[in-house]
Every structure is written in C-alpha cells, then in structure tokens.
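1. With the input below, show me the fold.
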Amino acid sequence: MNAIPEAEALYRDLLTGVTALMRPDTRLVGITSGGAWLVERLQKDLGLPGAPGIISSAMHRDDFARRGLSSSAQTALPFDVNGADVLLLDDVLYTGRTIRAVLNELFDFGRPACVRLAVLVDRGGRELPVAADFAAATLTLPPTRSLALARGEGGVFSFDVKES
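-> Now for the predicted structure:
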C-alpha cells in the first residue's frame, strides 16, 4: 500500500495538468463534492471568468436505492452543454461508477463535443472501463479503505481516510 500524499501538493500538480488540458473554449465541471471544491479553486487560480459547472451523480447512480439522494449540491451548468468542451474534475477515481452516473447526468443537459476527466487521485480498482486524462497521483489502497478529499478552513485541502 502506498503512503497517502499531501493533498495540497497534489492540487498543485493537478493545476499544472489541467492547465495543459485547457483549450480556449474548455468549461470546467466539478463532481460533487470533492470535485466541486477542486473546480471552484481551479477556476479562481486559472483566472477563468464566471462560475464553474457543478454536477451531481445522485440521480443516475446504480446504487441509488441503497444510498438515497445525497445532500450534496445539485447540478448547475452555467453554459450550453451542446457542443461544449467539458473537463470533468473529481477528487478520487475508484470504480468508475460515479463517472458513469455523471456522464448520464451531463447528457441530460445536451451533447458535448468532448468530455475529458482529471482527478487528484486514481486509486485503481476499476469496475467500469473509465480512465482519467490526467491524475495527479496513482495509489493502491485495499477495498476496505476509503479516500476522500476534505476541505478545511481557508479552503486548505487534506485527505480523509477511513477503514470500513
């Protein structure tokens, strides 16, 4: 098992990776909640105008009956999705099921020209054929451990690691 890297250091790597992926018409969209925190900070750090998009996976999850409706933010896409170049951001890529649900939600709003994915951490364990275009780190964690981004005072990022 790998040691958990420092979240702020990974954010700096993510900022560099996202900068390389940006095109003049790219729209940033964060997946609630960790990805939403990342996209809010990236939007500011990149000096991009307007509000970033926020997208929820809640309505399209295949485990909705077990998890129920999350209390996290709902989808808000302040741009026309049709023909858009969308860069999805998330904190941790694991099974791929959240990304599948988010893609379904995104296509409820229109048909983007391109959808790419950047994540802070890819922890492997994929159950669906999903890959990030950029991952700030790749970690191997046992299935009994969960990893999620946490945001402290002043917006400082850290990781919350739990044993299940």
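2. what's the residue lying closest to residue 23 once chain neighbours are set aside in contact with, if anything?
-> Leaving aside its chain neighbours, residue 23 sits nearest to residue 85 (5.5 Å; criterion: CB to CB, 6 or more residues apart in numbering). Where you see a C-beta, it was placed from the backbone N, CA and C, and this is true even at glycine. By CB atoms under 8 Å, 6 or more residues apart in numbering, the residues touching residue 85 are 23, 25, 26, 27, 112, 113, 114.
3. Neighbouring strands of whichever strand or helix holds residue 117 in the sheet, and parallel or not?
-> Taking DSSP states H and E as the definition, residue 117 sits inside strand 114-122. Next to strand 114-122 in the sheet, as set by DSSP bridges, lie strand 85-93 (parallel), strand 134-138 (parallel).
4. what angle sits between the longest helix out of those in the chain and strand 114-122?
-> For the chain, the helix with the greatest residue count under DSSP state H is helix 7-21. Computed by axes from the mean of the first three to the mean of the last three CA atoms, to 10 degrees, the angle separating helix 7-21 from strand 114-122 equals 160 degrees.
5. Helix 7-21: how far from the chain's middle?
-> The chain centroid and the centroid of helix 7-21 are separated by 13 Å under CA atoms, centre = their mean, to the nearest Å.
6. Can you show me the helices along the chain?
-> 7-21, 34-45, 64-67, 97-108.
7. what's the neighbour count on the residue nearest to residue 39 when sequence neighbours are not counted?
-> Spatial nearest neighbour of residue 39, chain neighbours left out: residue 30 (3.0 Å); criterion: CB to CB, 6+ apart. Neighbour count for residue 30, taken as other CB atoms under 10 Å: 25.
8. Need the per-residue pLDDT for residue 30.
-> In this model, residue 30 is scored at 98, pLDDT.
9. related to what we said a few turns ago, I'd like the helices of the chain laid out as TSV, including distance to residue 159 and mean pLDDT.
-> Putting those into TSV (distance: least, CB to CB, whole Å; pLDDT from 0 to 100) gives the following:
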stretch	distance to residue 159	mean pLDDT
helix 7-21	5	98
helix 34-45	10	97
helix 64-67	21	51
helix 97-108	17	96
